[in-house]
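K.L.:
need a structure here:
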Amino acid sequence: MSLPFEVSPGRPGLCVLLARKGWIWLGPIFIFAGMAMGQTTEKVDPFKNSDRPVPANYKGPIFHLSHDYPTARPDPPVDPPWIKALGGKPISQDNALAYVKALKDYIAADMRKLILDYANWNADQAGWYNMPWLFSITEPIHGTYVGSSFPHTMFPLSGLKKDMTTLVVVYYDRTAGYTIGQIWGKDAMKPDLSRAQYQEGAIIVKVALTTATKEEWAPMEGAATWDIGDGGPNPSKAAFFQFDIIVKDSKTAPRTTWVFSTLVYDKNARGDAWDKMIPLGAMWGNDPDVNSAINPNVPLKENVINPMAPLYATETLGYGGRLSGPNDGAIVQDAIIDGDLVPRVTVSSCMSCHGVAENPMRSFLLPGPGISNAQGGISPTAQGDLMYLDKPGSVAFLQWFQDRPGTEPQDSGTQPLDYHMNLAFKALPLWAKFTGQDPGQIYARSPAGLRELLLHPESSSKTGRLLDRTH
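P.N.:
Residues are numbered from 1 along each chain as shown. Next up is the predicted model:
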């Protein structure tokens with residue numbers, strides 16, 4: 001079924017928070033200077049590359065949103081190499097890293113060009129696609145947007161010297177792109193979420209970069225860098241440090257239907273910057289039978305972590321050692337749990353976060369209600385900046401660590417979105433904003449902290465806090 005509300009031209013979109021480049025103050029809210037109040041859908045191009053100008057002194061290639069989605073359902077892959085890599089056995093600690101290597105090799109030619117030879121990258125020709133409606137958050141050179149922001153104290157063991165921001169861009173292969181086209185149609189004005197289930201063999205990748213330089217973070221020595229259009233006359237630089245690959249594979253992962261994998265940059269590996277992306281690990285379930293808070297030494301059966309992964313990547317692993325990369329925000333600093341202030345706690349994983357992809361979202365990205373609105377919403381006050389979480393290992397907490405197929409939402413009465421957080425957390429809130437929906441009504445039953453993020457998608461982050469929109 002389609003969304004239970006219609007596009008209503010002529011209604012004002014929701015304004016956002018921060019008075020930075022391109023934003024002007026209008027009493028209690030801010031609004032983007034390039035968007036008039038009462039903007040109609042006729043003036044909005046959901047496939048626009050970016051709202052931001054290309055830096056005046058930049059002369060290189062720029063981002064072009066790829067949206068010529070396949071219209072014919074792709075055939076499922078025959079004997080895909082990642083399944084062959086398992087050697088006819090169930091995925092396990094023994095063969096999961098071989099599965100990840102086969103996935104990396106399968107997409108290597110295209111990704112090497114995207115990352116290292118951008119002047120010759122053409123996503124349309126290569127058969128990789130992007131999500132519509134992200135133009136207000138993407139920069140114009142590579143189409144990246146802010147993923148998270150971390151204080152230097154998040155990485156104490158690897159010696160991050162300065163707070164950093166991460167930037168991400170997501171691409172969908174032909175099989176995944178077919179589903180994106182089915183959801184959005186030709187004009188992307190009326191998403192049909194009944195078509196949000198991916199076909200077998202769909203591959204989605206996410207490139208993640210950090211603003212930390214090698215001088216600020218030694219593990220980034222030799223990393224490939226991208227130019228980023230952050231609003232100034234000259235582009236800034238960001239280092240390529242994480243690469244996520246997820247594949248719809250119900251044969252290998254029948255309980256969740258997905259295998260998640262993460263590569264991280266290892267400066268000591270051989271080869272070029274793509275070769276130096278080594279597996280951090282993989283997960284094909286949340287290990288719901290293992291309560292890691294009570295039994296921390298019980299081994300996980302649906303996760304594997306590469307023992308040779310670099311320290312900066314393993315110091316931010318997820319709950320109980322489940323997969324989570326350095327871009328992913330599995331660790332929370334300054335959390336309130338059962339009324340106590342906890343300086344640092346690990347509470348998430350790749351799949352526990354993506355598992356709340358539903359519409360409308362009713363579960364916070366992390367286990368718990370998130371940031372309290374007791375002081376009138378998210379604010380810089382002591383109360384407003386603390387993260388309220390469920391106690392690790394509790395019944396409430398473990399709701400995030402179940403194995404569900406993408407056809408089952410975490411919360412009853414919502415539309416399941418097949419682990420697709422880019423749709424649930426970014427594209428749909430931005431669609432609602434720019435097409436004049438009533439986001440307050442759509443997300444009325446979302447927890448206060450999550451609702452603030454969904455109402456302000458330009459400034460939302462996967463860490464559960466609102467961020468500065470600029471890079």
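K.L.:
By mean pLDDT, which helix or strand of this protein comes out lowest?
P.N.:
strand 29-32 (a mean of 26; mean pLDDT, DSSP states H and E).
K.L.:
Would you mind identifying the next helix or strand past that one?
P.N.:
Counting by DSSP states H and E, the element after strand 29-32 in chain order, helix or strand, is helix 81-84.
K.L.:
other SSEs contacting whichever helix or strand comes after that following helix?
P.N.:
Downstream of helix 81-84, the next assigned helix or strand under DSSP H and E is helix 96-116. In terms of contacts (3 or more C-beta pairs under 8 Å, 6 or more residues apart in numbering; DSSP states H and E), helix 96-116 is packed against helix 81-84, helix 123-126, strand 203-210, strand 236-248, strand 258-265, strand 277-283. All C-beta spots, glycine's among them, are computed from the backbone N, C-alpha and C.
K.L.:
And the ones you listed: which comes nearest L430?
P.N.:
strand 203-210 (17.6 Å; C-beta to C-beta).
K.L.:
Give me the distance from that closest one to the chain's centre.
P.N.:
In terms of C-alpha atoms, centre = their mean, to the nearest Å, the gap separating the centre of strand 203-210 from the centre of its chain is 8 Å.
K.L.:
Below-threshold pLDDT in the stretch 201-350 of the chain: ranges please.
P.N.:
For the stretch 201-350 of the chain, no stretch is flagged by pLDDT under 70.
K.L.:
ranges for the strands of it?
P.N.:
Assigned by DSSP state E, counting those that start in this stretch, the strands in the stretch 201-350 of the chain fall at 203-210, 225-228, 236-248, 258-265, 277-283, 303-305, 331-337, 340-346.
K.L.:
List just the one of those that sits closest to Q441.
P.N.:
strand 331-337 (29.0 Å).
K.L.:
So which residues lie in contact with that closest one, not counting its own?
P.N.:
Applying C-beta atoms under 8 Å, 6 or more residues apart in numbering, the contact partners of strand 331-337 are 151, 153-154, 316, 341-347, 366, 372, 385-392, 463-464.
K.L.:
okay, the angle between that strand and strand 340-346?
P.N.:
150 degrees (axes from the mean of the first three to the mean of the last three C-alpha atoms, to 10 degrees).
K.L.:
Now distance to R52 too, for the helices and strands packed on helix 96-116, in JSON lines please.
P.N.:
Formatted as JSON lines, these follow (distance: least, C-beta to C-beta, whole Å):
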{"stretch": "helix 81-84", "distance to R52": "37"}
{"stretch": "helix 123-126", "distance to R52": "19"}
{"stretch": "strand 203-210", "distance to R52": "17"}
{"stretch": "strand 236-248", "distance to R52": "12"}
{"stretch": "strand 258-265", "distance to R52": "27"}
{"stretch": "strand 277-283", "distance to R52": "28"}
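K.L.:
now for these, which one comes closest to A196?
P.N.:
strand 236-248 (12.2 Å).
K.L.:
That closest one to helix 96-116, inter-axis angle?
P.N.:
Using the same axes, to 10 degrees: strand 236-248 against helix 96-116 is 140 degrees.
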